[in-house]
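Undergrad: Predicted coordinates and the sequence they were generated for:
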Number of protein chains: 2
Amino acid sequence: MPRTAPGSAEHARPSAPATTASGGEVDGRVRRSRDRVLTTAFELLSESGVSGFTIDEVARRSGVAKTTIYRHWPTRAALVIDACSRITAEQQVPDTGSLDGDVAAILADIAHLLGAARWASVLPSIVDAAERDPEFADVHRGIQHGHAAPLREVLQRAADRGELPATANFSSMIAGLLGPLFYRRWFSREPLDDQFLTIVAAVVLSGQGATDDALQA
Amino acid sequence: MPRTAPGSAEHARPSAPATTASGGEVDGRVRRSRDRVLTTAFELLSESGVSGFTIDEVARRSGVAKTTIYRHWPTRAALVIDACSRITAEQQVPDTGSLDGDVAAILADIAHLLGAARWASVLPSIVDAAERDPEFADVHRGIQHGHAAPLREVLQRAADRGELPATANFSSMIAGLLGPLFYRRWFSREPLDDQFLTIVAAVVLSGQGATDDALQA
DNA sequence: GTGGAACGCTACGATACCGTAGCGTAGTGG
DNA sequence: CCACTACGCTACGGTATCGTAGCGTTCCAC
């Protein structure tokens, strides 16, 4: 986003509340507009990346007037960020009873996400932007946390159950589990088949590894 | 690069040879211009990413006139690609005698690259572009191959020596070794300390793992 | 119904780039 | 010393965006 100044994410609505007196309900028109725009925005984002993202194009595709878009988002950057944030895709934390099962479930989930064109093609754009723009760095942090958290949780549970040594290095294990998947999707561009997932999980979990003790061997 | 058509990478020089009658030597002025431009281009690329890359800015910084730049590269895209290709950074293939030693050396190299601001901040940009532009996909493939090849070679040598089972799954091992490093640099943004490298290598190599047999356990 | 908010439309001004033209200057090689 | 080539400079034409203004229209809420 070379052309636009960051600008505060805060947006002063024209004048009035837009929420009816009762609860936090909003005018149906507002809701429709916002939804249509955000949906289109996300779609466009996955097609063209952060840099190819254009308000004019969003307006064209969504059928929502450009002026209306600017009534809801103060700046292009704000809309991009907002659309990006929709990716957060909170993963569910599985509970199969065993660490192996939990990890397998999570890896399968992630692999599925990586297979879904949209998600997987937007993320590199965000990573790139995050390298330079602090606002994107925040978004990135959120996404990152979103998919590492479930793994961390099942690892913690396993440690509590005694399935993992207390010295287990969670952070390294997570990198060991997710890294190879990401690597294949974005770098070597090889398929993420079940066999690969199984191998990754087996190697990291059996080399239970990731404890610092293992280094003495 | 939303604004510019790809265009052939071929560039018809104005008219004359630019190379003297003798060998492939070129006019010193040409050499200076090309060098200055490419250097500046790469620098700018790592600062602003592929999308923030501008011919005008390259001209400003390098001191080389925009018209001159266009005399050497037919289009913005061509210059970007050319600058990107400079990253290829051919890694050396170590030969410490043992698989462990070789892998450790390579991981240290990669970690060093990932620590170098320039290289590491350009790559996400290329990955992003490669998602949509076939020309960048080529560049990306080259880079990717460039850093996976040494690993593949030391693994092959180890297999020949009998240090690895013949059934070893090289591709998975490479993903298992490089993935975690990349993951830490671009996703979790944790430091790549020696301990981490050691753990990664130990886990993947000890779980020699990556053979399909290991799955029966 | 009716008032007011939200929307759509057209048109702008301002920038930033791309890529090219034309012309004069400087440096290279013989 | 001379021709030839590469270079620098200024100025364009063209395009794509951003973000805003003004005004009429539609739709929600009461």
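TA: Sure thing, it's come through.
Undergrad: Point to the helix or strand of chain A where mean pLDDT is at its lowest.
TA: helix A:117-130 (a mean of 92; mean pLDDT, DSSP states H and E).
Undergrad: quick one: average pLDDT of the helix or strand following that one?
TA: Using DSSP states H and E, the next helix or strand after helix A:117-130 towards the C-terminus is helix A:134-161. Per-residue pLDDT over helix A:134-161 has a mean of 95.
Undergrad: Dump the helix or strand just after helix A:134-161 to CSV, keeping only the CA atoms.
TA: As assigned by DSSP H and E, the chain's next helix or strand after helix A:134-161 is helix A:170-182. Provided in CSV are the C-alpha atoms of helix A:170-182 (Å, rounded to 0.1, in the frame of the first residue of the first chain):
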residue,chain,number,x,y,z
PHE,A,170,6.0,-26.6,22.8
SER,A,171,7.2,-23.8,20.6
SER,A,172,9.6,-25.9,18.7
MET,A,173,7.1,-28.7,18.3
ILE,A,174,4.5,-26.3,16.9
ALA,A,175,7.1,-25.1,14.4
GLY,A,176,8.0,-28.6,13.6
LEU,A,177,4.4,-29.6,13.0
LEU,A,178,3.1,-26.5,11.1
GLY,A,179,6.3,-25.5,9.4
PRO,A,180,6.5,-28.4,7.0
LEU,A,181,2.9,-28.0,6.0
PHE,A,182,3.3,-24.3,5.2
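Undergrad: Could you list the residues in contact with helix A:170-182?
TA: Residues from elsewhere that reach helix A:170-182 (Cβ atoms under 8 Å, 6 or more residues apart in numbering or on different chains): A:103, A:106-107, A:110-111, A:114, A:147-148, A:151-152, A:155-156, A:192, A:196-197, A:200-201, A:203-204, A:209-210, B:172, B:175-176, B:178-184, B:187-188, B:190, B:196, B:199-200, B:203. Every C-beta, even on glycine, is put in place using the N, C-alpha and C of the backbone.
Undergrad: Likewise for stretch A:112-124?
TA: Counting by Cβ under 8 Å, 6+ apart, A:42-43, A:45-47, A:49, A:84, A:87, A:89, A:143, A:147, A:181-182, A:185-186, A:192, B:124, B:127-128, B:131-132 sit against stretch A:112-124.
Undergrad: chain center to that stretch, what's the gap?
TA: The chain centre lies 9 Å from the centre of stretch A:112-124; the measure is Cα atoms, centre = their mean, to the nearest Å.
Undergrad: swap in stretch A:137-155?
TA: For stretch A:137-155, the distance to the chain centre is 8 Å (Cα atoms, centre = their mean).
Undergrad: So which bits of it are buried?
TA: By neighbour count on 16 or more other Cβ atoms under 10 Å in any protein chain shown, the buried set for stretch A:137-155 is A:Ala137, A:Val139, A:His140, A:Ile143, A:Gln144, A:His147, A:Ala148, A:Pro150, A:Leu151, A:Glu153, A:Val154, A:Leu155.
Undergrad: Next: stretch A:46-62.
TA: Neighbour-count burial for stretch A:46-62 [16+ other Cβ under 10 Å]: A:46-53, A:55, A:57-59, A:61-62.
Undergrad: Pull the contacting residues for A:Ala149.
TA: Contacts of A:Ala149 (Cβ under 8 Å, 6+ apart): A:Gln91, A:Val93.
Undergrad: An error on my part: the question was meant for A:Leu44.
TA: A:Gly52, A:Phe53, A:Thr54, A:Glu57, A:Val58, A:Arg61.
Undergrad: of those, closest to chain B?
TA: A:Gly52 (4.4 Å; Cβ to the nearest Cβ).
Undergrad: part of a helix, is that closest one?
TA: No: using DSSP: H, G, I helix; E, B strand; the rest coil, the secondary structure at A:Gly52 is coil, not a helix.
Undergrad: quick one: pLDDT of it?
TA: pLDDT at A:Gly52 comes out at 95.
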